[in-house]
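>>> Give me the fold of what follows.
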Amino acid sequence: MPSEIDKQKLLSLMEIYKKHLEKELGAKLESHPEQPTTKEYQEFKAEFLPKHMGLYEKLCNLSEKILKIKPDKKTADVLQESINITHLNITPAGAVSFSLLIPLAVALVSSLLAFLIFQSIFFVLLFLIGAVILIKPLGRVPEFIANNWRLKASNQMVLCIFYVVTYMRHTSNLERAIEFASQHLVPPLSLDLKKVLWDVETEKYASVKESLDFYLDTWKKWNIEFIEAFHLIESSLYEGDEARRLNALDKALDVILDETYEKMLHYAHNLQNPITMLHMLGIILPILGLVILPLVVSFMEDVKWYHLAVIYNVILTVVVYYLGRNILSTRPTGYGDTDIAEENPELKKYRNILIKIGKKEVQVTPAIISVFVCAALFLIGASPLIFHAIGVPDFGFGGEDLTTSCKQRYCFLEYRTSATTNQELGPYGLGAAIASLFIPLGLGVALGFYYRLKSQNIIKIREKAKQLELEFANALFQLGNRLGDNLPVEIAVGKVADVMEGTVSGSFFQLVSLNIRRLGMSIEKAIFDPMHGALVSFPSNLIESSMKVLTQAIKKGPLIAAQALTNVARYIKEIHRVNERLKDLMADIIASMHSQIKFLTPAIAGVVIGITSMITAILGKLSGQLQQVTASVSGADTAAPTSILGLFGEGIPTYYFQLIVGVYVVQITFILTIIANGVENGSDKLNERFELGNNLIRSTILYVFISAAVMLLFNIIAGRILTATLSA
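Residues are numbered from 1 along each chain as shown. This next block holds a predicted model:
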């Protein structure tokens, strides 16, 4: 194998000959790209890369053709490193051109539309400033994609080392071990391992070790323990003594487990301040700031409700999400769960609602139910605006009050005429404010139903498989002991099933035993048969890989299989022990984030809405009384009452104010759930969807209930006080 020095000499010699050829031919020779560009490689890459990355590639390449901007060398090197990690088919110049061209187009189009629709300089400036701010984040899109890629890939690193070590204990072949790991992992780490093998097949590298070492260099900045573990695995290939070879493999798994725990320990200690800052900036300050906003708006007539909506529901939401992603970008790598529906296409049907009609099974997408729920609740929430548009007379409840539009103490619509512009403003009514709660309720519950229905069936299957994984180490120990007694594997499986009867592991081995005895299957078919195999009912990569180790090792004899299973069981226990220690480290922070999501945010927001409704009702009542006083003083000096009347302003109707806060509660619940799941589980999309479903439904309903109760209570109290005071 040529050394690095020999390669440099060869490259220098090629460069010299290239210059001579260019001189002789009078034309510049094009250099060939390092990556293979064959049709097979393009098909290989397209099979695994997400579709949105292909769209980004097209936009970058188009931007480079329209407006080609070359970045400086330092920026270009950083971007090229991220591009290589994510297998993107773009250049650094394309990424920078995209980051300037898109904001420029957005700024021009959105500013023009904003001026034509709203006739407001506020929105024009907002879009221009937003476009300028977008330039830097868009220029770092390859870095963000690479970070996300690394987070997903690193979630499987402990299992990757586990699979490689497990295979190499009984077969010392690095290429086969990497292939074995790539079959049991999910993208993107499985894609990276397949790329390692692909580069050898396409003769980019002379050996698997050379290709693997080049790939491991990409992880130097982020996961040195992953590199150390693989180097120990490689060193085991050169050990002449069997005991020392096995010791090197065991050490590889110990290294990545211990280093992962240590890095998570530091991460947990350093996470308190960022989480506190996120809590204050994203929840406490914005929501408590809403208490004084009704008063501020009353004194600033140019500020409308949609200005607040842009600040809270767009700008503030983006800032909180960006801070949260920065917290996740510093998360150490090494462990996490995956979406088993991505691993096993047969499980994808469980993402839908399954309805049995006779012998047929009908699949209904959760999106249909979510859209129906959202539309129904939205119509109820929009009913005050619809009633006013079609001319339905105002109606109310409570005692008689001739000063209101509906002649009742509490009106449903309560539109008021502006003292300055003579325009109808509203709805200010308590009934309209209560009805407006159905809009965030529809948004939160509809999204919650969608995510919950899409994930609950699969999460149950995964929890069942995880329960089996917890018990499986003990079952493997017992199976290994039976095989160590020189029992045939078919008999050993039946004995383990009898001993562990009543457990999930017992059910698994019982199913294997039944397939062998009743269907006459071999041990391999009894486990892996696509129709009747035991793994059909227990989908788990950990169990599948353990059983593949069993079927491979049993060919070398029951004693070899017994030793292999005993070591697999020990590895599973070690991984479980470290994962439990990691969860214990993060327990306080995760509990704090869950309390914010499930109670603090909806409770604080609900109380704020109640207080806002009371303040708006009091100001509206006083403004109405002052109008009557001003009208009754005819011919007198009315400057003082008029000035006092102008002091109160029109204010924002509670209807619109509640919409801003309600939608913000749904948004902040969504963002905090993603962050909490990312901190606890890494890139676990299945658990993220399940948590989103539960938290969105629970938090939105709690917010609506507290808001309605506090609004009713505070308005009744304020109404009685005002009635008693004004009548006196």
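
>>> ok, residue 95 touching residue 141?
Yes: using Cβ atoms under 8 Å, residue 95 is in contact with residue 141, at 6.6 Å. The way it works is simple: take the backbone N, C-alpha and C, and place the C-beta from them, glycine included.

>>> between these two, who's got more neighbours?
In this view residue 95 and residue 141 are compared by other Cβ atoms under 10 Å, and residue 95 has more residues nearby, 29 against 19.

>>> Tell me the secondary structure at that one.
On the three-state scheme (DSSP: H, G, I helix; E, B strand; the rest coil), residue 95 is labelled helix.

>>> Local confidence estimate at it?
On pLDDT, residue 95 comes in at 88.

>>> contacting residues for it?
Shown in contact with residue 95 (Cβ atoms under 8 Å, 6 or more residues apart in numbering): 60, 79, 83, 139, 141-142.

>>> distance of residue 670 from residue 282?
12 Å (Cβ to Cβ, to the nearest Å).

>>> Of the two, which one has the most company?
More crowded of residue 670 and residue 282, by other Cβ under 10 Å: residue 282, with 25 against 21.

>>> just checking, what packs against the helix or strand where residue 714 lies?
Under the criterion of DSSP states H and E, residue 714 resides in helix 685-727. Judged by 3 or more Cβ pairs under 8 Å, 6 or more residues apart in numbering; DSSP states H and E, the packing partners of helix 685-727 are strand 408-411, helix 430-436, helix 438-484, helix 601-632, helix 654-681.

>>> Look at residue 414 and give its secondary structure.
coil.

>>> didn't it look like it was pressed against residue 426?
Yes: taking contacts as Cβ under 8 Å, residue 414 lies within contact range of residue 426: 5.9 Å.

>>> Neighbour count for those two, which is higher?
Per other Cβ under 10 Å, whichever of residue 414 and residue 426 has more neighbours is residue 414, with 26 against 22.

>>> Not counting sequence-adjacent ones, nearest residue to the more buried one?
Nearest non-adjacent residue to residue 414, counting by Cβ to Cβ, 6 or more residues apart in numbering: residue 429, 3.5 Å away.

>>> looking at the helices and strands packed on helix 685-727, which is closest to residue 554?
For the helices and strands packed on helix 685-727, distance to residue 554 was read as Cβ to Cβ. The smallest value, 7.9 Å, belongs to helix 438-484.

>>> so what does that closest one touch, helix or strand wise?
helix 340-343, helix 366-381, helix 489-499, helix 504-518, helix 541-553, helix 558-595, helix 654-681, helix 685-727.

>>> okay, the angle between that helix and helix 654-681?
Here the directions of helix 438-484 and helix 654-681 differ by 10 degrees (axes from the mean of the first three to the mean of the last three Cα atoms, to 10 degrees).

>>> Look up how far residue 105 lies from residue 71.
Noted for residue 71: a distance of 20 Å to residue 105, by Cβ to Cβ.

>>> more crowded one of those two?
Between residue 71 and residue 105, residue 71 has the larger neighbour count (other Cβ under 10 Å), namely 19 against 13.

>>> Confirm the more buried one sits in a strand?
No: read with three-state DSSP, residue 71 is coil and lies in no strand.

>>> give the contact list for the residue lying closest to it once chain neighbours are set aside.
Distance criterion Cβ to Cβ, 6+ apart; nearest residue to residue 71, sequence neighbours excluded, is residue 96 at 4.7 Å. With contact set as Cβ under 8 Å, 6+ apart, residue 96 has these partners: 69-71, 75, 79, 139.

>>> The same query, at a cut-off of 6 Å, please.
The contact partners of residue 96, by Cβ atoms under 6 Å, 6 or more residues apart in numbering, come to 69, 71, 139.

>>> Tally up the residues packed near the last one, please.
Counted with other Cβ under 10 Å, the neighbours of residue 139 add up to 21.

>>> That one against residue 99, yeah?
Yes: with contact defined as Cβ atoms under 6 Å, residue 139 counts as touching residue 99 (3.5 Å).

>>> Please report how far residue 110 lies from residue 171.
In this view, residue 110 and residue 171 are 60 Å apart by Cβ to Cβ.

>>> Distance-wise, check the residue nearest to residue 450 when sequence neighbours are not counted relative to residue 668.
Using Cβ to Cβ, 6+ apart and skipping the chain neighbours, the partner closest in space to residue 450 is residue 370 (4.0 Å). Per Cβ to Cβ, residue 370 is found 20 Å from residue 668.

>>> for residue 481, same thing?
54 Å.

>>> ok, these two, which is more surrounded?
Taking neighbours as other Cβ under 10 Å, residue 481 and residue 668 compare with residue 668 leading, 25 against 16.

>>> Show me what stretch 490-500 is in contact with.
Outside of stretch 490-500, the residues within contact range by Cβ under 6 Å, 6+ apart are 475, 478-479, 482-483, 506, 509-510, 512-513, 516.

>>> Also stretch 102-111?
Contacts to stretch 102-111, defined as Cβ under 6 Å, 6+ apart, come from residues 124, 127-128, 131, 134-135.

>>> hmm, try it at 8 Å
With contact meaning Cβ under 8 Å, 6+ apart, stretch 102-111 is reached by 59, 63, 123-124, 127-128, 130-132, 134-135, 138.

>>> Show me what counts as buried in that stretch.
Going by neighbour count (16 or more other Cβ atoms under 10 Å), the buried part of stretch 102-111 is 102-103, 106-107, 110-111.

>>> Rebuild those residues as TSV, extending it with distance to residue 217.
Formatted as TSV, those follow (distance: Cβ to Cβ, whole Å):
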residue	distance to residue 217
102	32
103	34
106	38
107	40
110	43
111	46
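
>>> Of these, which belong to helices?
Counted as lying in helices by DSSP state H, out of those, are 102-103, 106-107, 110-111.

>>> Any idea how many residues pack against residue 721?
11.

>>> my bad, should have said residue 515
For residue 515, the tally of surrounding residues (other Cβ under 10 Å) stands at 21.

>>> burial of the residue lying closest to residue 439 once chain neighbours are set aside, as a residue count?
Excluding its sequence neighbours, the residue lying closest to residue 439 (Cβ to Cβ, 6+ apart) is residue 381, at 3.5 Å. For residue 381, the neighbour count with other Cβ under 10 Å is 24.

>>> I'd guessed residue 381 sits against residue 432; true?
No: the pair residue 381 / residue 432 is not scored as a contact, 9.6 Å apart, by Cβ under 8 Å.

>>> Give me the below-cutoff pLDDT ranges for the protein.
By pLDDT under 70, the low-scoring segments of the chain are 1-54, 118, 290-291, 293-303, 332-347, 401-405, 418-421, 623-651, 722-728.

>>> mind listing the helices for the stretch 51-200 of the chain?
51-66, 73-86, 92-118, 121-139, 141-154, 157-170, 174-184, 189-201 (DSSP state H, counting those that start in this stretch).

>>> deepest of the ones you listed, which one?
helix 157-170 (a mean of 24; mean count of other Cβ atoms under 10 Å).

>>> Show the secondary-structure elements that it is packed against.
Looks like helix 157-170 contacts helix 174-184, helix 189-201, helix 224-236, helix 242-270, helix 541-553, helix 558-595 (3+ Cβ pairs under 8 Å, 6+ apart).

>>> excluding its backbone neighbours, what's nearest residue 313?
Using Cβ to Cβ, 6+ apart and skipping residues adjacent in sequence, the residue nearest residue 313 is residue 663, 5.4 Å away.

>>> still on that earlier bit, in JSON lines: the helices of the stretch 51-200 of the chain, plus distance to residue 592.
Converted to JSON lines, the helices of the stretch 51-200 of the chain look like this (distance: least, Cβ to Cβ, whole Å):
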{"stretch": "helix 51-66", "distance to residue 592": "33"}
{"stretch": "helix 73-86", "distance to residue 592": "33"}
{"stretch": "helix 92-118", "distance to residue 592": "36"}
{"stretch": "helix 121-139", "distance to residue 592": "28"}
{"stretch": "helix 141-154", "distance to residue 592": "22"}
{"stretch": "helix 157-170", "distance to residue 592": "26"}
{"stretch": "helix 174-184", "distance to residue 592": "35"}
{"stretch": "helix 189-201", "distance to residue 592": "31"}
